[in-house]
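*Asks:* here is my input, please return the structure:
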Amino acid sequence: STQGVSSAASDVYKRQRENGNYILIDPTKSYFSSRLSNERRGNLDSAIELSHQLNRKITICDPYAGVGPSLANLLCQDGLVDTILAGDLNPQAVDLLKQNIDHFRKKKTDEIIVTVKCQDARLWAKESEYQHTVDFLLVNLPHQTIEHMGDLLPLMKRETPSLIRGWAIIDRDDLHGVNDKLTNLLLHHGAANLRLICQEIKGFSATKIFIRIESSQTFI
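*Replies:* Numbering: from 1, shown residues only. This is a model prediction of the structure:
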C-alpha cells in the first residue's frame, strides 16, 4: 500500500504548484521539469477526449512516471480514470510517486485501482495480467522512447480505440525517419485506423530537437 503525504514529508520536500495541483518533488532524488507543464495539460485534454470516445473511464499507464507530475491532472479529474499502472526505475522517485498519488486521490470519491512498480517498464508487458489492459500510454523517456516503444505495445488494449503520447530527443533532420519507423512499428503490432503525429516542440541542441509523439489507433 502507498503512504500518504505527511506533514513531515511536506517539510522535507518542496511542493511544486502546477495546473492547480501541488506535487511533492525533490530534485536531489528525482528529475522534475516544470517546462513540460503544457504537455501534461495536453495529456489531460487527450485523456478526456478518449474517455468520451469510449464512453467510459480509462486505464492509464505511465511507466516512466518519475514523481508523478503527469498523473496529477489525470487523477484529479472526476470520472476520468478507472485504473493507473505507473512506476519508475528510481526507488527514490517511486517513494515520492506513491505519496503524490495518494495526495492526488485524497479528495476523490471515485474508486481507482492503482499499481505502482519499481521495475524496468519493458518487463511489464511480459506479465499476462497487464497485457492488453491500457487505453492511454505515456512514454516519457526522451533519450530512449523510440527504442522502448515496441516493448510497451503489448500493454495496449485490443479492439477499442487507444492513445499513446510520448516524448523523444532526436536528430534535427530525422523527424520524417522517426515518423516512418514508428508507423511501421505500430502497423506491425496490429494498429488499424492509425493517426500518428510526430511534432517538434522545441530545440534541444544545435543538432537535436525535442518532439511529441501522439498516436491514436485501434489494435486488432
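*Asks:* so the residue most central in space within the chain bridges to which residues?
*Replies:* The centre of the chain sits closest to Leu138, judged by CA atoms, centre = their mean, with a distance of 2.7 Å. The partner list for Leu138 in beta bridges (DSSP bridges) reads Arg165.
*Asks:* report pLDDT for it.
*Replies:* Note for Leu138: predicted pLDDT of 98.
*Asks:* same question, the one 10 residues further on
*Replies:* Turning to His148, the model gives it a pLDDT of 96.
*Asks:* could you tell me how far the strand or helix carrying it lies from the centre of the chain?
*Replies:* Using DSSP states H and E, His148 sits within helix 145-152. Relative to the chain's own centre, helix 145-152 is displaced by 13 Å; criterion: CA atoms, centre = their mean, to the nearest Å.
*Asks:* buried residues in that helix, which are they?
*Replies:* Buried residues in helix 145-152, counted by 16 or more other CB atoms under 10 Å: Thr145, Ile146, His148, Met149, Gly150, Asp151, Leu152. Using the backbone N, CA and C atoms, a C-beta is placed for each residue, glycine as well.
*Asks:* thinking again about what came up before, pretty sure the residue nearest to the centre of the chain contacts Arg165?
*Replies:* Yes. Here Leu138 reaches Arg165: they are 5.7 Å apart, a contact under CB atoms under 8 Å.
*Asks:* what touches both of those two?
*Replies:* Asn43 (CB atoms under 8 Å, 6 or more residues apart in numbering).
*Asks:* using a markdown table, lay out the buried residues of helix 145-152 together with distance to Pro91.
*Replies:* Shown next, in a markdown table, are the buried residues of helix 145-152 (distance: CB to CB, whole Å):
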| residue | distance to Pro91 |
| --- | --- |
| Thr145 | 22 |
| Ile146 | 26 |
| His148 | 20 |
| Met149 | 25 |
| Gly150 | 26 |
| Asp151 | 21 |
| Leu152 | 21 |
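*Asks:* rewinding a little: quick one: contacts of the helix holding His148?
*Replies:* 61, 63, 121-122, 124-125, 137, 139, 141, 164, 166-168, 170, 178, 181-182, 185, 189, 213.
*Asks:* now that helix - C-alpha only, PDB.
*Replies:* Below are the C-alpha coordinates for helix 145-152, written out as PDB (Å, rounded to 0.1, in the frame of the first residue of the first chain):
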ATOM      1  CA  THR A 145      11.400   6.400 -26.100                       C
ATOM      2  CA  ILE A 146      11.800   5.200 -29.700                       C
ATOM      3  CA  GLU A 147      13.700   2.100 -28.600                       C
ATOM      4  CA  HIS A 148      11.400   1.200 -25.800                       C
ATOM      5  CA  MET A 149       8.100   1.700 -27.700                       C
ATOM      6  CA  GLY A 150       7.900  -1.700 -29.300                       C
ATOM      7  CA  ASP A 151       8.300  -3.500 -25.900                       C
ATOM      8  CA  LEU A 152       5.500  -1.500 -24.400                       C
END
